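Enquirer: just coords:
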């Protein structure tokens with residue numbers, strides 16, 4: 001599932017490439033991805049609107065329109081927002097669920113192979129209510145070591161599960177929780193309320209660093225994630241633990257352990273480096 005670096009990359013690409021473009025037509029071929037609007041209403045409400053700004057909140061890509069409405073896209077596992085100049089491969093266009101035809105001749109497709117993601121149309125007020133339960137953004141300057149320490153002290157759950165709880169920290173998923181905990185030397189199964197303030201500060205720095213580095217490399221692609229131009233993310237080559245179960249730890253050489261004991265999700269750790 002695209003996490004913060006991947007959705008941030010998509011949002012930045014879209015803002016650079018399609019902000020200011022006018023939507024001249026809307027084609028919905030897979031209406032089951034729509035939320036809070038049906039296909040006919042979507043075409044009426046956004047037809048003729050201009051794209052004002054594209055940005056990210058948590059794992060959502062948000063497209064602000066001149067009408068005041070917002071298109072809110074949650075890509076989930078196989079969703080992507082792809083700009084089509086006419087050269088989009090047929091294999092990608094075949095899975096287009098929603099197509100926005102732009103005034104300059106290009107199209108913006110929401111492509112989703114398994115159609116587990118969603119496209120919603122919301123007013124700003126509805127969007128505010130929808131996102132109100134989300135936690136702090138980890139790239140927000142307000143996200144400090146002290147702030148994280150307070151969040152962790154309030155939970156006895158495994159720290160990895162706490163980091164992935166979108167009500168606590170918005171945008172961090174399985175890949176980057178694994179990576180940050182390895183960098184900080186913290187066992188993912190450790191109870192969150194046992195992490196010291198100093199360790200929380202180290203973890204905060206690890207979270208921010210790994211997210212920032214991944215954004216610079218346009219995210220992590222294993223199979224499905226693509227940026228808005230259809231390109232793959234380059235951070236996969238920098239992963240220290242995720243996807244490397246059974247291989248050597250880059251810090252000490254010990255064999256990395258892979259388990260599904262924490263919330264059924266893949267967790268990879270070094271039992272020598274992380275405690």
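Expert: Thanks, I have it. Owing to the predicted nature of the structure, the values given are computational and were not obtained by experimental measurement. Residues are numbered from 1 along each chain as shown.
Enquirer: domain assignment for this protein?
Expert: 4-131, 145-269 (automatic domain parsing).
Enquirer: got CSV for these, with distance to residue 275 and mean neighbour count too?
Expert: Using the backbone N, CA and C atoms, a C-beta is placed for each residue, glycine as well. What follows is the domains of the chain, written out as CSV (distance: least, Cβ to Cβ, whole Å; neighbours: other Cβ atoms under 10 Å):
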stretch, distance to residue 275, mean neighbour count
domain 4-131, 27, 18
domain 145-269, 5, 18
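Enquirer: which of these sits closest to residue 138?
Expert: domain 145-269 (5.2 Å; Cβ to Cβ).
Enquirer: which secondary structure state does the residue nearest to residue 160 when sequence neighbours are not counted sit in?
Expert: Counting by Cβ to Cβ, 6 or more residues apart in numbering, residue 160 lies nearest to residue 188, which is 3.7 Å off, once chain neighbours are set aside. Residue 188 falls in the coil class when you classify it by DSSP: H, G, I helix; E, B strand; the rest coil.
Enquirer: residues contacting residue 188?
Expert: Applying Cβ atoms under 8 Å, 6 or more residues apart in numbering to residue 188 gives the contacts 158, 159, 160, 177, 178, 181, 262, 267, 269, 274.
Enquirer: can I assume the last one sits in a strand?
Expert: No. Per three-state DSSP, residue 274 lies outside any strand segment and is coil.
Enquirer: can you report how many residues lie near it?
Expert: Here the number of neighbours of residue 274 (other Cβ atoms under 10 Å) works out to 20.
Enquirer: ok, the residue lying closest to it once chain neighbours are set aside - contacts?
Expert: Excluding the flanking residues, the one nearest residue 274 by Cβ to Cβ, 6+ apart is residue 187, at 4.6 Å. Residue 187 is in contact with 159, 181, 269, 271, 274, 275, counting by Cβ under 8 Å, 6+ apart.
Enquirer: I'd guessed the last one sits against residue 182; true?
Expert: No. With contact defined as Cβ atoms under 8 Å, residue 275 and residue 182 do not form a contacting pair (11.9 Å).
Enquirer: from the chain's centroid, how far away is stretch 226-238?
Expert: Distance of stretch 226-238 from the chain centroid (Cα atoms, centre = their mean, to the nearest Å) equals 13 Å.
Enquirer: scratch that, stretch 96-111 is what I was asking about
Expert: 21 Å.
Enquirer: next, give phi and psi for the residue nearest to residue 274.
Expert: phi -60, psi 130 (degrees, to the nearest 10).
Enquirer: any idea of the pLDDT on it?
Expert: pLDDT, residue 187: 98.
Enquirer: roughly how far does it sit from residue 113?
Expert: When distance is defined by Cβ to Cβ, to the nearest Å, residue 187 is 35 Å away from residue 113.
Enquirer: equivalent analysis for residue 96, please.
Expert: In terms of Cβ to Cβ, residue 96 sits 11 Å off from residue 113.
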